[in-house]
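*Asks:* Sharing a sequence plus its predicted fold:
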Amino acid sequence: MFKLFGNNQSGYTIVEVIVAVAVLALLAAAFTPLLTGSLEIIMDSGDRSQELFEDKKDLEKEILDDEEGDLEIDAEFSDPDETIDEFITIDEANKEYFFND
């Protein structure tokens, strides 16, 4: 007669499954701060890039709107040691400007 319910020993025991889940949980817990820290840095960089883009846009608008050629730039920087000369070069003879990289 055929055995319908044999003694099949090819599966994992409940202890092995619990140990595997625990190891995966430890790995997930270890990498969570790394991922959240990276996302925070990415978001801060995006915010800073957006602020710089807006400042650049405002500066370009001021330069283009300057009809008399006596442009005085009133800029605020997050670092008090920064000056506009670190960011832009103005060629007054040709009325051109270049942003420094």
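*Replies:* Noted; the coordinates are in hand.
*Asks:* What segments of this protein are strands?
*Replies:* Ranges of strands in the chain, per DSSP state E, are 88-91, 96-99.
*Asks:* so where is this structure shaky, pLDDT-wise?
*Replies:* The chain contains residues with pLDDT under 70 at 1-9, 67-88, 90-101.
*Asks:* quick one, helices of it?
*Replies:* 14-65 (DSSP state H).
*Asks:* Ile18: neighbouring residues, count only.
*Replies:* A count of neighbours around Ile18, defined by other CB atoms under 10 Å, yields 11. Yep, even glycine has a C-beta here, placed from its N, CA and C like the rest.
*Asks:* go on, Ile63?
*Replies:* What Ile63 shows, counting by other CB under 10 Å, is a neighbour count of 15.
*Asks:* Relative to Lys57, how far out is it?
*Replies:* 11 Å (CB to CB, to the nearest Å).
*Asks:* Check Asp66 too.
*Replies:* On the measure of CB to CB, Asp66 and Lys57 end up 15 Å apart.
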